[in-house]
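# sequence and predicted structure below; questions after.
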Amino acid sequence: MANPPAGLPRRTTVDAARTARMLSDARYATPFGQRARTAPRPVIEESWERALRGGTHPDHDLRTGLLSREEIERRRGTSPLRHVLPVLREGLVSVADAAHHIVLVADDEGRALWREGSAAVLRKADEVGIEVGTDWREDVIGTNGVGTPAVVRRPVQVFAGEHLSRALAAFTCAGAPITDPRDGRLIGVVDVSGPLETMHPATLAWVDSVAKLAEARLRELHMTSLERLRAVAAPILPRLGGRALVVDRDGWTAAVTGMPYVKRIALPKPPSGGRRWLPSLGLCSLEPLAGGWLIRAADEPVPGAARIVLDLALPRRWSVTVYGGAGSWTRELSPRHAELLYLLALHRTGRSAAALAEDMFGDPGRTVTVRAEMSRVRRYLGALLEHRPYRFREDAEIEVLLPDDPRELLPHSTAPGVTGGRTTAQVP
């Protein structure tokens, strides 16, 4: 959990005006190379640097690029956050209303989809553009309680003038990321915002605890859905010969027969019935079931050459696409897996676990972490990745799509092997 700024909690409860002045001094001095009387916290200073490097302007209009009502409703209907809204409302809204705060719930792209809380604060929010549909990405409006937690993947409290945007200088925000408990993927951020003088030092811990309750609820829903799918699979699998398994719509395994249990199967996107090539199983037949898919392995050899496209061009939308004789499939990548696959594409002859640990962490001793992550990557790339050393299969054609600006290559990453690629514009 992010620590509150040193000395700020006491000042915010004693002298809010003085605190706001000190934060504004740091905000307008530090990002522009001037000396501030109060140094910003590291998490804030690093956020300012990222935002300014990306061209964010302090006078950016928060209403720019607001989503349409139709798009908001579409995103609400497809976001996994819809399943945990009751948890978020019960844990946050009533208290926020009484304490003169508002609650924002944003999706994985930083778009505010729900907003509730104090009527008085909602009116103030409307005046500056804190609305449903606002784009809260850090590289759009700068340091804030939605975009910054999404980047650093931990709870962050942003006090008044710590916001890069002048429009947000009267607000203090505490935001926590909500991740998919199945794979750690970011699915959204919950934020509590209000005037500086109404914020309590414990606000951040409160928001984070409710975010974790939401993740626990998602985990419970996932287990319940798999149990239902197992009931569907129970009379089917015993009648089949060979290797088969039943998975949910996202590829999570409910039951298997004739093969070891695997946690998840990478399905083609969009999944459809018929014969498909799956990395870990080879040629398979896919048949729809209520709530998932029945997958039967054909037990035929894995196709030979394949083309692999590693797309790192768009921020936070990294993916790997495999083209083979039985069609193609795409998988979105976590930041860590995007780093690993970039490094393997850069070093086609392969990297040992120690070399990858050096590339990732600057520490060749962290091989346990590397091996665990590579094991997860191989679950969906299967025979396309080899080990001892780790490398792409020799006959695979590898294409890497990079951002136009080398500085935007995996901008979250501090891995030495990646940061070197930014400065030298290395293209595998």
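Good, I have the coordinates.

# I figured residue 176 hits residue 214, correct?
No - look at residue 176 against residue 214 with CB atoms under 8 Å: they stay out of range, at 9.3 Å. In short, each C-beta sits where N, CA and C put it, glycine included.

# between these two, which contacts overlap?
Residues within reach of residue 176 and of residue 214 at once, by CB atoms under 8 Å, 6 or more residues apart in numbering, are residue 190.

# where does this structure dip in pLDDT?
Residue ranges of the chain with pLDDT under 70: 1-38, 299-305, 324-328, 421-428.

# for it, which segments count as helices?
Secondary structure of the chain (DSSP state H): helices at 8-14, 16-29, 42-53, 69-78, 85-88, 94-98, 119-128, 138-141, 147-152, 203-233, 335-346, 353-361, 367-381, 416-424.

# quick check: closest non-adjacent residue to the spatially most central residue of the chain.
With distances taken as CA atoms, centre = their mean, the residue of the chain nearest its centroid is residue 186 (2.9 Å). Excluding the flanking residues, the one nearest residue 186 by CB to CB, 6 or more residues apart in numbering is residue 108, at 5.0 Å.

# how many neighbours does that neighbour have?
Neighbourhood size, residue 108 [other CB atoms under 10 Å]: 21.

# contacting residues for it?
By CB under 8 Å, 6+ apart, residue 108 lies in contact with 150, 185-188, 316.

# of those, which is the nearest to residue 164?
The closest of the contacts of residue 108 to residue 164 turns out to be residue 150 (CB to CB; 15.2 Å).

# do you know how far the closest one is from residue 64?
When distance is defined by CB to CB, to the nearest Å, residue 150 is 19 Å away from residue 64.

# ok, those two, which is more surrounded?
Set residue 150 next to residue 64 and count neighbours by other CB under 10 Å: residue 150 wins out with 26 against 11.

# ok, that one to residue 139 distance?
Counting by CB to CB, the gap from residue 150 to residue 139 is 10 Å.

# next: residue 96.
Distance of residue 96 to residue 139, computed by CB to CB: 27 Å.

# neighbour count for those two, which is higher?
Between residue 96 and residue 139, residue 96 has the larger neighbour count (other CB under 10 Å), namely 24 against 19.

# now do the contacts for the residue lying closest to that one once chain neighbours are set aside.
What sits nearest to residue 96 in space, not counting adjacent residues and going by CB to CB, 6+ apart, is residue 117, at 4.4 Å. Residue 117 makes contacts with 93, 96-97, 101-103, as judged by CB under 8 Å, 6+ apart.

# partners of residue 117 in the sheet?
residue 102 (DSSP bridges).

# where do the strands sit along the stretch 251-400 of the chain?
Assignment of strands within the stretch 251-400 of the chain using DSSP state E, counting those that start in this stretch yields the ranges 253-257, 274-278, 282-289, 292-297, 307-311, 319-324, 327-332, 385-386, 391-392, 397-401.

# neighbouring strands - and their directions - for the second one?
Yep, that's strand 274-278 we're talking about. Strand 274-278 pairs in its sheet with strand 282-289 (antiparallel), by DSSP bridges.

# check the first one too.
Within its sheet, strand 253-257 is paired with strand 244-248 (antiparallel), according to DSSP bridges.

# need the contact partners of the strand it pairs with.
Contact with strand 244-248 is made by 225-226, 229-230, 232-233, 236-237, 253-259, 262, 264-265, 267, 289, 291-297, as judged by CB under 8 Å, 6+ apart.

# same deal with stretch 207-222?
Stretch 207-222 is contacted from outside by 1, 80-81, 83-84, 87-88, 91-92, 155, 174-182, 190-192, 252, using CB under 8 Å, 6+ apart.

# spit out the contact partners of residue 116.
Shown in contact with residue 116 (CB under 8 Å, 6+ apart): 89, 93, 96-97, 102-103.
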